[in-house]
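J.: Fold the following.
(chains A and B)
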Amino acid sequence: MTDLTSLTIAAARDQLAKKEFTALELTEAHLAAMDKAKDLNAFIVTTPEIARERAKAADARLQSGKAGALEGIPLGIKDLFCTEGVQTTAASHILEGFKPPYESTVSQKLRDAGSVMLGKLNLDEFAMGSSNMTSYFGKVKSPWKAKGRSDDLVPGGSSGGSAASVSACLAMGATGTDTGGSIRQPAAFCGIVGVKPTYGRCSRWGIVAFASSLDQAGPMTRTVRDAAIMLKVMCGHDPKDSTSAPLSVPDFEAVLKQGVKGLRIGIPKEYRPDGLNAEVAALWDQGIQWLRDAGATTIDISLPHTKSALPTYYIVAPAEASSNLARYDGVRFGQRVEGKTLDEMYAKTRAAGFGTEVKRRILIGTYVLSAGYYDAYYLKAQKVRALIARDFNEAFEKCDAILTPTAPTAAFGLNDKQDDPVAMYLNDVFTVPASLAGIPGASVPAGLNKDGLPLGLQVLTKRWDEETMFRVCQVLEDAAQFPLLKGAR
Amino acid sequence: MSYIIKGDTGDWEVVIGLEVHAQVISKSKLFSGAPTEFGAGPNTQVSFIDAGMPGMLPVLNGHAVEQAVRTGLGLKAKINKRSIFARKNYFYADMPQGYQISQYDMPIVGEGTIVLDMPDGTSRSVGIERLHLEQDAGKSVHDQHATKTCIDLNRSGVPLMEIVSKPDLRSPEEAGAYLKKLRSILVYLGTCDGNMEEGSMRCDANVSVRPVGSTELRTRCEIKNVNSMRFVMQAIEHEAKRHVEVWESGGAVDQETRLYDANRNETRSMRSKEFAHDYRYFPDPDLLPLEFDDAYIAKIQATLPELPDDKKARFIKDYGLSAYDAGVLVAEQENAVYFEGVAKGTDAKLANNWVSTNLFGLLNARGVSISESPISAKNLGRLVQLIADNTLSSRMAKEVFEMMAADGKDPDTIVTERGMKQITDTSAIDAAVDQIIAANPDKVAEYNSGKVQLMGWFVGQVMKATQGKANPGMCGELLKKKLG
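T.: Residues are numbered from 1 along each chain as shown, chains lettered A, B, ... in the order given. Okay, the predicted model is just below:
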């Protein structure tokens, strides 16, 4: 039997329907692969009992012809999604041991569609990071290695465990969340597809909040088609989330083969700063050519406020985070360190419970919201954010989609010295603008650099137009013939 | 009749603004479906949202919004068709999210007016600055354990309206009248039950003083959570005196938050300005701006009841009542409804006397509210009719009233059972009059010699002879005629 773990979701779906193997066999294959790849540290907890139980239930439904859209498909769930009865930590010590009595809307939808949860995936603490190095439960290693080298690389972040597990064929797909690039950047680093849908497409209910106005769930898969299949299940209106859009869900899979003929692809000049990595620039040019070859026209556009996106993001996101993380106070759940007074208990609990990067962002956020600084920072950032959104609106009057690199570099070393938080923040320079504007964005693995490491291209479209985004992604994927790990296809 | 504090250096006036937290009448909380009923066991009315669990999101209760708009309309205030919910950030053990969802610079209701009815019958307008919606915190319970504090989250997320007055109030009495009137309006509107004992209405008072004639606003102190109208008035009185003493001794009042201790009748510093919270308000990203259109407002406007001011004006006009009497009747909606039930189709002034004097006296004596009155409005109305059409004398009516109060029977039944019908047949009274005149020649002589005050004695004798059933007016007339 071929290695079941290297199948795509689409292929597994069809073969399960034809009873070529069972859901339990598919799950067992993944549990075995997870066992062998423990050193990646992609999972915070594995849930083999739950996986087997759900796989058996999936087999029963497959037998009775009542299969859901993801019946029997083994998935990893980022440990930012609350899962009923299963520890949910956001990779933070402060939530260690917390077992929610409820299931997030997105993971519930995936359950209802018949998918099988393999475990909870590692991430940067509270999704704050671009390398998965800030997790309390240890760094995640990328399954990729530079040509001829043995040193470990980061998987990117914050959805690093998701990217590593899907790339290494430990899961057929995984949920991610993207606040400033946390799906797209790790997808690019690990050579997989990552989709951040329009803000409001997926319910945020039951996802541990980082920055509420930016957080969006999305799928991470090895192919564009798999992402389309998974996203359709994940999204849809949820009355429990006031920012969830009351829109019907398109059949993303149905549009994949429509091609890009006649589409206008915008190429923003601000994404090609002086000193842009030559290989990244070359791959971008290659992507432009692939789309032209497929019948699209490309036009030069300008997104003039791009340079303000990163500083704007690092005001808005920490501001919201400083408030969202106030509930981790040791009173009702998670870790508590006793103190002589209530304030002392708070201080000790939060000092012990949060890591350095989380503390840094809480401090930044508290500062930018405080009296006397609010106007200069938070209010101004909101105004700039509106200008960034306007840039995109104006651009989408001239083009149907925008093509950019996903990240400025390929993955870096896991043990590289990281003493400059701002250098780390620069990883998200190409992904953050779309997050601020709330528009959909996807990263498609498009090629390898000279070290043999994956590079991704990012496709952006206007709000609610994931269908065009998927069409462009599919053309790029077809043209790139990206060499997935383990010969997966 | 202004309120002046006589100081050593001169006369001072007090400047007061009130912030009232009124619990919105609503089955569920402001941002969750958990119930709001008072008196349930600790932590039995708490959703995951109210407990601030990870990943939980608020969803706005549309009914609470309607109630806030309704209240705004009742306060003749500007309704803001676009408002924003903001987070007020601070840590406290009974505030699970670490922030309170409130409204900050864009409240749902803007400026409005309340007309105060002062005890001397005058009225005075006080400005409303704003009304906003916010969620309540939970409750810390300190007396359940020797060293630990217990938390009850039943109140967490309960919808409140914070109603802020302009600093227009000038005396403790005005503050009391403001609270009374505001409470009356809220109860009329059905947006708050006005129950201060259960905490559904709580008041913070901002107090400062200034020399009479000055227009400056001096440093104010905020007195927190005063839970009865009487205590609000006492706290203001005390605090204003304290300010005068501080200023006159050459000091300066510090801006601070103070607590009123009703047992000692004093205020104590709770938090000085240096330790004031920086609440770091910002728009709640979990909630969209609250927007509605004119049609929504008009729909609510159409369901507004007649409010106290309008009802008072109508009582004056339609029933010929004095401003004072009308004001007393309309203060409590149930009283006004009862009065109209009594006054229907009969003498309104007489009805007012019987309601305001006899019935309220009875209720006070029994310590019951009007909804528990042993006498229905219909029966009291009938009694007033029987007086108005001379069936009963007022003395007889009082007897009937006592019997009605005792067993709840209707007055017609009592009158019939006891044969209490007043005698208005002239011939029947004639005979009694003749008999009294014949039997008392000496009194007749005295009367005729100018001692006219004996008329009362004659009337009394006739009443006695008819077992009190004679119409006293008719007795008087007949006697006058016959005594010459």
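
J.: Against the centre of chain A, work out the most remote residue.
T.: When distances to the mean C-alpha position of chain A are computed (CA atoms, centre = their mean), the maximum falls on A:Lys340, with 41.3 Å.

J.: From B:His142, how far off is it?
T.: As for A:Lys340, its distance to B:His142 is 16 Å (criterion: CB to CB, to the nearest Å). C-betas here are computed from N, CA, C, even on glycine.

J.: and residue 436, what element?
T.: Answering for chain A, as no chain was given. helix A:432-437 (DSSP states H and E).

J.: try chain B instead
T.: Judged by DSSP H and E, B:Ile436 forms part of helix B:426-439.

J.: what packs against that helix?
T.: For helix B:426-439, the packing partners by 3 or more CB pairs under 8 Å, 6 or more residues apart in numbering or on different chains; DSSP states H and E come out as helix B:455-465, helix B:472-483.

J.: For chain A, find the nearest of those.
T.: Nearest to chain A, of all the helices and strands packed on helix B:426-439, is helix B:472-483, at 72.4 Å by CB to the nearest CB.

J.: Can you give the contact residues for that closest one?
T.: Contact with helix B:472-483 is made by B:390, B:393, B:395, B:424, B:426, B:429-430, B:433-434, B:437, B:444, B:447-448, B:455, B:458-459, B:462-463, as judged by CB atoms under 8 Å, 6 or more residues apart in numbering or on different chains.

J.: Please check the residues you listed and keep the buried ones.
T.: B:393, B:429, B:433, B:437, B:444, B:447, B:458-459, B:462-463 (16 or more other CB atoms under 10 Å in any protein chain shown).

J.: Turn those into TSV, columns for pLDDT.
T.: Below are these laid out as TSV (pLDDT from 0 to 100):
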residue	pLDDT
B:Ser393	82
B:Ile429	81
B:Val433	85
B:Ile437	87
B:Val444	87
B:Tyr447	87
B:Phe458	86
B:Val459	85
B:Val462	84
B:Met463	82
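
J.: Quick check: the farthest pair among those?
T.: B:Ser393 and B:Val444 (24.6 Å; CB to CB).

J.: Enumerate the residues of the stretch 251-400 of chain B near chain A.
T.: Contact residues (CB under 8 Å from any CB of the partner chain) of the stretch 251-400 of chain B with chain A: B:278, B:280-282, B:285-288.

J.: Kindly supply the ChimeraX command isolating those of these that are buried.
T.: The ChimeraX command for the buried members of those (criterion: 16+ other CB under 10 Å) is given here:
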select /B:280,281,282,285,286,287
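
J.: hmm, back to that, give me the angle between the helix holding B:Ile436 and helix B:455-465.
T.: Relative orientation of helix B:426-439 and helix B:455-465, computed by axes from the mean of the first three to the mean of the last three CA atoms, to 10 degrees: 120 degrees.

J.: what comes into contact with helix B:426-439?
T.: By CB under 8 Å, 6+ apart, helix B:426-439 touches B:423, B:444, B:458, B:461-462, B:465-466, B:470-471, B:474-475, B:478-479, B:482-483.

J.: how about residue 314, what does it touch?
T.: Going with chain A. A:Tyr314 neighbours (CB under 8 Å, 6+ apart): A:364, A:425.

J.: sorry, should have said chain B
T.: Applying CB under 8 Å, 6+ apart, the residues contacting B:Arg314 are B:Glu306.

J.: Next, find the distance separating A:Thr223 from A:Cys235.
T.: 18 Å.

J.: of those two, who's got more company?
T.: A:Cys235 (28 against 25; other CB atoms under 10 Å in any protein chain shown).

J.: Share the number of residues neighbouring the residue of chain A at minimum distance from chain B, please.
T.: Per CB to the nearest CB, A:Ala326 is where chain A lies closest to chain B, at 2.3 Å. Using other CB under 10 Å, A:Ala326 is surrounded by 22 other residues.
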